[in-house]
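Engineer: return a 3D structure for these sequence lines:
(one chain, ligands or ions: 2)
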Amino acid sequence: MADFLANYSIQKWLESCPQGYLEDTVYGRGADEREPEDLLKNDSYREQQIRTTVQLIAGERCALAASSGLVNAAPDQASKTFLATQTLDEGRHVEIFTQRLYDLGINPDDLESTIKTYINPHLGKFAEVLLEKVDKKDFVAGVVGQNIVLEGMAFSVFEMLHAGASETNPKFAHTLSGTIADERRHVGFGENRIGELIRRYPERKPDVQRMQRDMTKHMLATFHEAFANGPTASDTMSPGRKSNATYQGLKLADASNEEMEGALSATVLGEFKTRLGRIGLEYQAPV
Ligand SMILES: [Fe+2]
Ligand SMILES: [Fe+2]
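Structural biologist: Ligands and ions are numbered 1, 2, ... in the order given. So this is what the prediction gives:
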């Protein structure tokens, strides 16, 4: 417990995050980093980036609602303290991705209507399953849903986007790398805190596993919709620039949408199986 207290304290968070990898950043990027000119001048490329960023904002708004709600559901002070830091991380993620929409030319007055236009409907259902548990102050299910399922998904998506942006959009890649570091901390907390509770309350397993199965179903539908109706990975990279970026062994410039969907889904499901196994839960495949 002493280690847990030190690793997930506000003091540790201050040192590693605001005074560490976020020091000197402005909305998560370097003060003089900008979106690339060729992106801003190309309407269809810009729209794809707006669509992607809307999904990130929606996911982060869900994480903000869940982490803040779980502060009052947590049974111990150390978890409340960590979730307070996570609440600020998630609020920051909402803010930096919202700022990215403005950088992509969205007028702040049109923020909510833009989100409504572009949001993937399956992502809303995914969020509902989690927030229902949080509303009931169900700490065990809430932490598994947020810190294992939602954040396991988020950081795999961020890593895929980071691979695509690393050579062509250093500003977005920089924003993503700080977010990935935060998400890793959140996932680590979920694993460390919840394993013990699952062992103590084994009767909670079936309900938590059902939630995981439902969230996984909506997540896979979200990916399918995004890749089936979206542009190919090569279209979403800066036009006119050659990139050798790869993701899970796929060369992004040549990969089809089906291949990308397959690679992302396999990566996330692999993460789920490993992390759920570590806390004593068996992964449930959606029906
Ligand atoms: Fe987040
Ligand atoms: Fe997070």
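Engineer: which parts of the stretch 151-287 of the chain are helices?
Structural biologist: 151-165, 170-200, 205-229, 257-278 (DSSP state H, counting those that start in this stretch).
Engineer: quick one, which of those helices is nearest to ligand 2?
Structural biologist: helix 170-200 (3.9 Å; Cβ to the ion). Quick note: C-beta positions are derived from backbone N, CA and C, even for glycine.
Engineer: what residues does the chain have near ligand 1?
Structural biologist: 60, 63, 90, 93 (Cβ under 5 Å from the ion).
Engineer: could I get these as TSV with secondary structure, neighbour count and pLDDT?
Structural biologist: What follows is the residues of the chain next to ligand 1, written out as TSV (DSSP: H, G, I helix; E, B strand; the rest coil; neighbours: other Cβ atoms under 10 Å; pLDDT from 0 to 100):
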residue	secondary structure	neighbour count	pLDDT
60	helix	23	98
63	helix	26	97
90	helix	26	98
93	helix	25	98
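Engineer: about what we covered before: in a markdown table, list the helices of the stretch 151-287 of the chain along with distance to ligand 2 and mean pLDDT.
Structural biologist: Output for these, formatted as a markdown table (distance: least, Cβ to the ion, whole Å; pLDDT from 0 to 100):
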| stretch | distance to ligand 2 | mean pLDDT |
| --- | --- | --- |
| helix 151-165 | 5 | 94 |
| helix 170-200 | 4 | 94 |
| helix 205-229 | 15 | 95 |
| helix 257-278 | 14 | 95 |
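Engineer: tell me the most buried of those?
Structural biologist: helix 151-165 (a mean of 23; mean count of other Cβ atoms under 10 Å).
Engineer: what lies in contact with it?
Structural biologist: 52, 56, 59, 63, 172-173, 176-177, 179-180, 183-184, 186-187, 190, 219, 233, 236-237, 243, 245-247, 252, 260, 263-264, 267-268, 271-272, 275 (Cβ atoms under 8 Å, 6 or more residues apart in numbering).
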